[in-house]
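*Asks:* Pasted the sequence and its predicted model underneath.
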Amino acid sequence: EAQVTQNPRYLITVTGKKLTVTCSQNMNHEYMSWYRQDPGLGLRQIYYSMNVEVTDKGDVPEGYKVSRKEKRNFPLILESPSPNQTSLYFCASSFVGGGADTQYFGPGTRLTVL
Amino acid sequence: DQQVKQNSPSLSVQEGRISILNCDYTNSMFDYFLWYKKYPAEGPTFLISISSIKDKNEDGRFTVFLNKSAKHLSLHIVPSQPGDSAVYFCAASAEETSGSRLTFGEGTQLTVNP
């Protein structure tokens, strides 16, 4: 089954404690992306990657890091989380050139930073 | 700077009636528009799209209309069903320059009452 998986699905942590949210896709997609969803703001792009070792900032990259060492994985790293990073996070993937309507989204990770 | 705006946070309609969800955008570079549907505890899923060279696209009960001069698009659902109750996100892409990058609106919670 074609899917994007994220782990963990729920996470409560404290300010300053480094964490990683994993994202994996099984569709051999080149393009992967992270979004955060906040009430009244919709989904905003954090980082994206066009292929292995190619990453770029989205609209709200501050406080986040990503890496793309393998095609299937695109982890989101919060080196020193803060309460304003409490949000619902989505990973997405697609083929490059396949069109924006080919993006598949993961189920989401709800993060709470105390 | 919200480039894609959905001014109605919520919409309630009766089963069998028409649901009309609206979306406005400001960026003239956007040339591809999409609607995503999101159920609780799931990621967004692609619903329907329209290219800027068209003014209407239909898929079963769902029709998207695009008015480029007004920078406005709308999603019509006819007839509405209780299973359509979800958050609907409007999204836009400048595919010529940005490929799969999406800019989302804030979302509209649709409730279809039996």
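*Replies:* Ah, there it is. Numbers count the residues shown, from 1 in each chain, chains lettered A, B, ... in the order given.
*Asks:* Give me the contact list for stretch A:107-114.
*Replies:* By Cβ atoms under 8 Å, 6 or more residues apart in numbering or on different chains, the residues outside stretch A:107-114 that reach it are A:5-15, A:19, A:21, A:37, A:81-90, B:41-43. Where C-beta positions appear, they are placed from N, C-alpha and C, glycine not excepted.
*Asks:* List the contacts of the spatially closest residue to A:Phe95 that is not a sequence neighbour.
*Replies:* Setting aside the residues directly before and after it, A:Phe95 is nearest to A:His29 in space (Cβ to Cβ, 6 or more residues apart in numbering or on different chains), at 5.6 Å. A:His29 makes contact with A:Lys71, A:Ser93, A:Ser94, A:Phe95, A:Tyr104, according to Cβ under 8 Å, 6+ apart.
*Asks:* just B:Cys23 next, same as before
*Replies:* Counting by Cβ under 8 Å, 6+ apart, B:Cys23 makes contact with B:Val4, B:Lys5, B:Gln6, B:Phe33, B:His72, B:Leu73, B:Ser74, B:Leu75, B:Cys90, B:Gly105.
*Asks:* go on, B:Lys56?
*Replies:* B:Ile50, B:Thr63, B:Val64, B:Phe65, B:Leu66.
*Asks:* Chain B contacts on chain A?
*Replies:* Contact residues (Cβ under 8 Å from any Cβ of the partner chain) of chain A with chain B: A:4, A:31, A:33, A:35, A:40-45, A:48, A:50, A:58-59, A:90, A:92, A:94, A:96-108.
*Asks:* ChimeraX command for the buried members of those?
*Replies:* Here is the ChimeraX command that selects the buried residues among the residues of chain A next to chain B (16 or more other Cβ atoms under 10 Å in any protein chain shown):
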select /A:4,31,33,35,42,43,44,45,48,50,58,59,90,92,94,99,100,101,102,103,104,105,106,108
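*Asks:* filter the contacts of B:Cys23 down to the ones near chain A?
*Replies:* Answer for the contacts of B:Cys23 near chain A (Cβ under 8 Å from any Cβ): B:Val4, B:Gln6, B:Gly105.
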